[in-house]
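Chemist: Quick one, structure for this:
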Amino acid sequence: MKNQKINVGIVGLGGRGAVLSNILIDQADINVVAVCDVYEDRQLAIAEKIKSKTGHMPVCTSNYRDILSMELVDAIIISTGWKQHVQIMCEAMEAGIAVGCEVGGASIEECWRLVRTYEKTGTPAMMLENCCYGRDELMLSNIVRQGVFGEVVYCGGCYQHDLRESLANGHENRHYRLDEYLYRNRENYPTHALGPIAKLLNINRGNLMLTVTSSATKSAGLHEYIVKNKGEDCALSKAEISQGDIVTTTIKCAGGENIVLTLNTTLPCPYSRGLKVCGTKGMYNEDNMSIFLDDKHNQYHMEWKNHFGNIEKYRNVYDHSIWKKMHDDGMRGEHSDIDYLVLRAFIDSLKENHKMPIDVYDMAAWMSISALSEKSLLLGGIPVAAEDFTNGRWIKRDTAEYWQYELNC
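Modeler: Here you go, the predicted model:
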């Protein structure tokens, strides 16, 4: 497959599907041959873009199984709602079609199904967690692997994103996410924060998540927003919202590290993934874009605000080769660039027959946090045992292969 074009089908053409399709049709080694969505207008909108760009009209369908039955399809991209991810992914693997899947949460049973299907079929599969390809996240991978922070003992991250407008209009916009807030209370979107941290801590490759403990505040922000903007007589204003405004989840690891995740999507807030890495020789804090190093910055610790933004001083030494190449190629470092990078990681790994940099074991472990946090909350915030989806192989799994794609770029 190294030198040939890859024929791709896209399943799910909402916001994420539209973004990913725009990137895919610009790739010289990709043919988008089929698109799928339950809504015909979405199918036609994306198909017309593809036709305008490439000159050919892709197959349009509302049934993803139509794509899985097409002999010319090499791979599919899944960008549907969370609930459909595992079902479609497993059917694709069983059909021998490589699959790149968008992020979300899943039940423990779904996560085990994902792993067992992969182990039975061997079909390449990758989670498209774009935040693993953020500039600072990849730069930190260099910093941590080179020992600059010493022994890492703590990592924190968040999904802080004001989603009140999109949630309040979820039914009108045909968006799946609203129901998650109405009926569930959990860390519902863990992987943006957890993915880069899991890579830094070598989770599933010499390290393992052991227990998950969650606490949640009351739910007030989304209801107040709905009443204010849609009126007290709106049906949604009378609905009981289960999702707490802020959910905090602590994960203990076999290596002795703690990971703390924070979900904050129904209160006024700036966007942040809040990455924080603390080690015996230094730390990084995303929210003030700074690196603090022992024996270099200690004298400034009471006046650290004067050093906010000092991460730029470390770019020349630690900036990742992936991002250096992107800048050389004239890309701007916007959100679409991490989408481009994660898609290229999937495509290039598939073409080169490399192991996927975010494999099904990672995907299962990261997605399972949603179910585990929900269980912890239902039990009053007690620790619950995490699952070992590697069945003990995490102890000796090769760390080098984990970074193979990034190191080869």
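Chemist: Hmm, Phe149 and Gly282 touching each other?
Modeler: Yes - taking contacts as CB atoms under 8 Å, Gly282 lies within contact range of Phe149: 4.6 Å. Quick note: C-beta positions are derived from backbone N, CA and C, even for glycine.
Chemist: For Gly282, name its beta-bridge partners.
Modeler: Assessed by DSSP bridges, Gly282 has beta-bridge partners Leu293.
Chemist: Give me the most central residue, the chain.
Modeler: A centroid search over the chain (CA atoms, centre = their mean) returns Glu129, at 3.2 Å, as the residue closest to the centre.
Chemist: list the contacts for the residue nearest to it when sequence neighbours are not counted?
Modeler: In space, and not counting its chain neighbours, Glu129 is closest to Gly195: 4.1 Å by CB to CB, 6 or more residues apart in numbering. Applying CB atoms under 8 Å, 6 or more residues apart in numbering to Gly195 gives the contacts Val103, Met127, Glu129, Cys131, Cys132, Ile358, Asp362, Trp366.
Chemist: distance of the first one from Lys296?
Modeler: Meaning Val103. 36 Å (CB to CB, to the nearest Å).
Chemist: Likewise for Val277?
Modeler: 16 Å.
Chemist: Same check on Gly15?
Modeler: From Gly15 to Lys296 the distance is 43 Å (CB to CB).
Chemist: Report the rounded mean pLDDT for the longest helix seen in the chain.
Modeler: Longest helix in the chain by number of residues (criterion: DSSP state H): helix 360-378. The average pLDDT for helix 360-378 rounds to 98.
Chemist: How about the secondary structure of the residue in the chain sticking out farthest from the centre?
Modeler: Distance from the C-alpha centroid of the chain, by CA atoms, centre = their mean, peaks at Gln299 (37.5 Å). Following DSSP: H, G, I helix; E, B strand; the rest coil, we place Gln299 in the helix state.
Chemist: Next: the one 3 residues further on.
Modeler: Classification of Met302 by three-state DSSP places it in helix.
Chemist: quick revisit: show me what the longest helix of the chain is packed up against.
Modeler: helix 108-121, strand 125-127, helix 191-200, strand 209-216, strand 246-253, strand 384-385 (3 or more CB pairs under 8 Å, 6 or more residues apart in numbering; DSSP states H and E).
Chemist: chain center to the fifth one, what's the gap?
Modeler: Centroid separation between strand 246-253 and its chain, computed with CA atoms, centre = their mean, to the nearest Å, is 17 Å.
Chemist: Check the shortest one too.
Modeler: Here strand 384-385 is found 22 Å from its chain centre; the criterion is CA atoms, centre = their mean.
Chemist: phi, psi of Cys101?
Modeler: Dihedral pair for Cys101: phi -120, psi 140, per degrees, to the nearest 10.
Chemist: Could I get the contacting residues of it?
Modeler: Applying CB under 8 Å, 6+ apart, the residues contacting Cys101 are Ile77, Ile78, His85, Ile88, Met89, Ala125, Met126, Met127, Leu128, Met363.
Chemist: And the residues you listed, which is closest to Ser21?
Modeler: Ile77 (8.0 Å; CB to CB).
Chemist: Identify each buried residue in stretch 351-362, please.
Modeler: Neighbour counts over stretch 351-362 (16 or more other CB atoms under 10 Å) mark Lys351, Met356, Pro357, Ile358, Asp359, Val360, Tyr361, Asp362 as buried.
Chemist: Select, from these, the two members most distant in space.
Modeler: Checking the buried residues of stretch 351-362 with CB to CB, the most distant pair is Lys351 and Tyr361, at 22.0 Å.
Chemist: of Val103 and Lys296, who's got more company?
Modeler: Taking neighbours as other CB atoms under 10 Å, Val103 and Lys296 compare with Val103 leading, 24 against 11.
Chemist: pretty sure that one is in a helix, no?
Modeler: No - secondary structure of Val103 (three-state DSSP): coil, not part of a helix.
Chemist: Excluding chain neighbours, what is closest to it?
Modeler: Val103 sits nearest to Thr191 (CB to CB, 6+ apart), 4.5 Å away.
Chemist: and that neighbour, what does it touch?
Modeler: Val103, Gly104, Met127, Glu129, Cys131, Trp366, Met367, Ile369.
Chemist: 7 Å - rerun?
Modeler: For Thr191, the contacting residues are Val103, Glu129, Trp366, Met367, by CB atoms under 7 Å, 6 or more residues apart in numbering.
Chemist: Repeat that for Ile347.
Modeler: Ile6, Gln27, Asp29, Ile30.
Chemist: follow-up on the earlier one: what's the farthest-apart pair in the contacts of Gly195?
Modeler: Cys131 and Asp362 (13.1 Å).
Chemist: Neighbours of Glu109, how many?
Modeler: 10.
Chemist: And for the one 5 residues further on?
Modeler: As a burial measure, Leu114 scores 27 neighbours (other CB under 10 Å).
Chemist: ditto for Ala106
Modeler: When neighbours are counted by other CB under 10 Å, Ala106 comes out with 23.
Chemist: Which strands and helices lie in contact with the strand or helix carrying Asp41?
Modeler: For Asp41, the host element (DSSP states H and E) is helix 40-54. With contacts defined as 3 or more CB pairs under 7 Å, 6 or more residues apart in numbering; DSSP states H and E, helix 40-54 has these neighbours: strand 30-36, strand 59-61.
Chemist: can I get these in JSON lines with mean neighbour count, mean pLDDT and distance to Asn142?
Modeler: Listed next are these as JSON lines, based on neighbours: other CB atoms under 10 Å; pLDDT from 0 to 100; distance: least, CB to CB, whole Å:
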{"stretch": "strand 30-36", "mean neighbour count": "24", "mean pLDDT": "98", "distance to Asn142": "29"}
{"stretch": "strand 59-61", "mean neighbour count": "18", "mean pLDDT": "98", "distance to Asn142": "43"}
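Chemist: and Leu341, which of the ones you listed is closest to it?
Modeler: It's strand 30-36; of the helices and strands packed on helix 40-54, that one is closest to Leu341 (CB to CB) at 14.9 Å.
Chemist: tell me the angle of that closest one relative to helix 40-54?
Modeler: 160 degrees (axes from the mean of the first three to the mean of the last three CA atoms, to 10 degrees).
Chemist: Pull up the pairing partners for strand 30-36, direction included.
Modeler: Counting by DSSP bridges, strand 30-36 is paired with strand 6-11 (parallel), strand 59-61 (parallel).
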